[in-house]
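Novice: Coordinates only, no sequence provided:
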């Protein structure tokens, strides 16, 4: 079932991370870990986001991001179409979250500001 859903999105999944929440997910965990699904994900360059057994902090970044996305951009809006939802979520991520939303864990910088600072400090210029 998971593979079938993903195959419908063929060509639209570059840089995708597949995340399975523990809430009201309609697919059992075994669907996400089957050999066929794992092969499909690998062939299509899709990363999986799983916590290791007994290590719930592995996915803290993902859980935090999706919690913020839902609180700040989804729950208070009613999208009339999927395209409207896609555009609204894209605008939130690219127009606010990555560029202007400061985060304590990033020394009170936005993700883009933090990444630029990190690159300035760690990358060597090669001529």
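Specialist: In hand now; what should we look at? In this text, all values refer to a predicted model and were calculated from it rather than measured experimentally.

Novice: Can you give me the end-to-end span of stretch 102-117?
Specialist: Stretch 102-117 has an end-to-end distance of 14 Å (CA to CA, to the nearest Å).

Novice: Identify all contacting residues around it.
Specialist: Stretch 102-117 is contacted by residues 97, 98, 99, 100, 101 when judged by CB atoms under 8 Å, 6 or more residues apart in numbering. Any C-beta I mention is one placed from the backbone N, CA and C, and that applies to glycine too.

Novice: Most neighbours out of the residues you listed, which is it?
Specialist: In terms of neighbours by other CB atoms under 10 Å, the contacts of stretch 102-117 top out with residue 97 at 20 neighbours.

Novice: what about it, distance to residue 66?
Specialist: Residue 97 is 11 Å from residue 66, where distance means CB to CB, to the nearest Å.

Novice: Likewise for residue 83?
Specialist: Distance from residue 83 to residue 66, by CB to CB: 21 Å.

Novice: Compare these two and say which is more crowded by neighbours.
Specialist: Shown here are residue 83 and residue 66; by other CB under 10 Å, residue 66 has more neighbours (14 against 9).

Novice: Please identify the buried residues of the one helix or strand that one maps to?
Specialist: Assessed by DSSP states H and E, residue 66 sits inside helix 60-69. Of the residues in helix 60-69, 63, 65 count as buried by neighbour count, 16 or more other CB atoms under 10 Å.

Novice: Specify the angle between the helix or strand following it and helix 60-69 in degrees.
Specialist: Using DSSP H and E, the next helix or strand after helix 60-69 towards the C-terminus is helix 82-92. For helix 82-92 against helix 60-69, the angle by axes from the mean of the first three to the mean of the last three CA atoms, to 10 degrees is 110 degrees.
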